[in-house]
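Student: here is a sequence together with a model predicted from it:
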Amino acid sequence: MCTLGCVAASHADQTNKETALQITSTAENSTKDWTAAYAYIEDIHDGRGYTGGLVGFTTATSDMLQLVRQYVAEQPGSTLAPYLPGLEACADRGVTVDNADYGTYGGGASDIAARRLGPPFLAAWADAANHDPVFRKVQRDLRDAMYWEPALAAAAADGVGLLGLALYYDTAVNHGPGVADSGDGSFDDIRSRTIGATPARHRGRVAGPQGRRDPGRAGHHQLRPDPGRRGRAQLTHPPARSRVA
C-alpha cells in the first residue's frame, strides 16, 4: 500500500517530469504546451525526412517506424497501417545529413519520404493524432521508453538535480540513444565522455554533461532549425497542433 510519503514522492516525480517536458517543448516549439505537438509533422529539410509528434520522430532514423508499428499493434486497422512499407523503405534509406546529397531540400531522405509516403501520410498522421487517443498514448509511451526513462535513470545514477534531469532528457531527445564511448554522438556517448565527476561521485553539483554539446553538431549531424532541433544519431531498426490529452 502506498503511504503518504509514497504519494508525495510520486507527485514530485510527475512535477519534475512535466517541468522537463515543458523546457524541451519551449526550446523545440516555442510553447510550454508539449501536447500541441501530437499532430505536428513536416519535412524540415534536415536530411531526416519527415519529422513529427511529441519528440520529433523521424522517418529516416526509424523511430517513426517503431512508433507506427506499435500503434498498429494496439489499433489494428489504423489508417496509418498501409504506410508501414513506406516507413520501412525510409528507414532503410536512412539519414542523408552527412552525405553529399544533403542540401537545401533535405537530400535523399526527403525524396524517399515524399515518394513513398507523401501528403496522404501527413493527412493520416494528423487525423490519427487529432481523433484517436490510442495514437496519442502510443506517442507518450514511446517517448517515455526511448527518452524519458533512460534520462531519468541516468540522472538518478549521476546524482544530478532537477535542472540536470531536464538537461539529460533534452539531450536524449536531441541526440537519441546509442552506445557509451563509441563516438556516435548519442546521449549515452556524450554522458560517458563527460569531463569531471558527477555529484554521485563527488561533492559539488553539476547540471549534466559539460562541454560536449557543440551547437553545430548533434550525433555527427547539424542541429535542426526550430521547431525540430533534434539531431539524433541513426537508430537501429526496431523489431518486427491541437491541444489534446
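Tutor: Arrived safely.

Student: lowest-pLDDT helix or strand in the chain?
Tutor: helix 4-29 (a mean of 68; mean pLDDT, DSSP states H and E).

Student: name the next helix or strand downstream of that helix, please.
Tutor: With elements assigned by DSSP states H and E, the helix or strand that comes after helix 4-29 is strand 41-43.

Student: state the next helix or strand along the chain beyond that next one.
Tutor: Next along from strand 41-43, by DSSP H and E: strand 50-52.

Student: which stretches of the protein have low pLDDT?
Tutor: Along the chain, segments meeting pLDDT under 70 span 1-12, 99-104, 195-245.

Student: those helices in it, which residues are they?
Tutor: In the chain, the segments counted as helices under DSSP state H are 4-29, 63-74, 84-93, 107-116, 118-131, 133-143, 149-158, 162-175, 187-192.

Student: indicate which one of those is closest to D46.
Tutor: Counting by Cβ to Cβ, D46 lies closest to helix 107-116 out of these; the figure is 8.4 Å. All C-beta atoms are positioned from the backbone trio N, CA, C, and that covers glycine.

Student: and that closest one with helix 118-131, angle?
Tutor: Interaxial angle of helix 107-116 relative to helix 118-131 (axes from the mean of the first three to the mean of the last three Cα atoms, to 10 degrees): 80 degrees.

Student: so who does the nearest residue to Y83 once chain neighbours are set aside touch?
Tutor: Leaving aside its chain neighbours, Y83 sits nearest to F121 (5.0 Å; criterion: Cβ to Cβ, 6 or more residues apart in numbering). F121 sits next to Y50, L80, Y83, G86 when contact means Cβ atoms under 8 Å, 6 or more residues apart in numbering.

Student: how far away is F121 from T58?
Tutor: 13 Å (Cβ to Cβ, to the nearest Å).

Student: with A109 instead?
Tutor: Counting by Cβ to Cβ, the gap from A109 to T58 is 8 Å.

Student: which residues are in contact with each of the two?
Tutor: In contact with both A109 and T58: R48, G49, V95, using Cβ under 8 Å, 6+ apart.

Student: thought the second one was touching T59?
Tutor: Think G49. Yes - using Cβ atoms under 8 Å, G49 is in contact with T59, at 3.5 Å.

Student: now list whatever residues contact both of these two.
Tutor: Common neighbours of G49 and T59 (Cβ under 8 Å, 6+ apart) are C90, A109, A113.

Student: what's the burial count for D158?
Tutor: Counted with other Cβ atoms under 10 Å, residues neighbouring D158 total 20.

Student: brain fart, K32
Tutor: Neighbour tally, K32, other Cβ under 10 Å: 15.

Student: do you know how far the closest residue to it other than its chain neighbours is from P120?
Tutor: Using Cβ to Cβ, 6+ apart and skipping residues adjacent in sequence, the residue nearest K32 is Q22, 4.1 Å away. Q22 is 33 Å from P120, where distance means Cβ to Cβ.

Student: quick check, the residue nearest to K32 in contact with S30.
Tutor: No - taking contacts as Cβ under 8 Å, Q22 lies outside contact range of S30: 11.8 Å.

Student: and those two? Which one has more around it.
Tutor: Q22 (15 against 9).

Student: from L162, how far out is the more buried one?
Tutor: Distance from Q22 to L162, counting by Cβ to Cβ: 12 Å.

Student: just T51 next, same as before
Tutor: For T51, the distance to L162 - Cβ to Cβ - is 28 Å.

Student: these two - which one has more neighbours?
Tutor: T51 (25 against 15).

Student: what's across from that one in the sheet?
Tutor: Per DSSP bridges, the residues bridged to T51 are E42, T58.

Student: wait, it sits on T58?
Tutor: Yes - with contact defined as Cβ under 8 Å, T51 and T58 form a contacting pair (5.1 Å).
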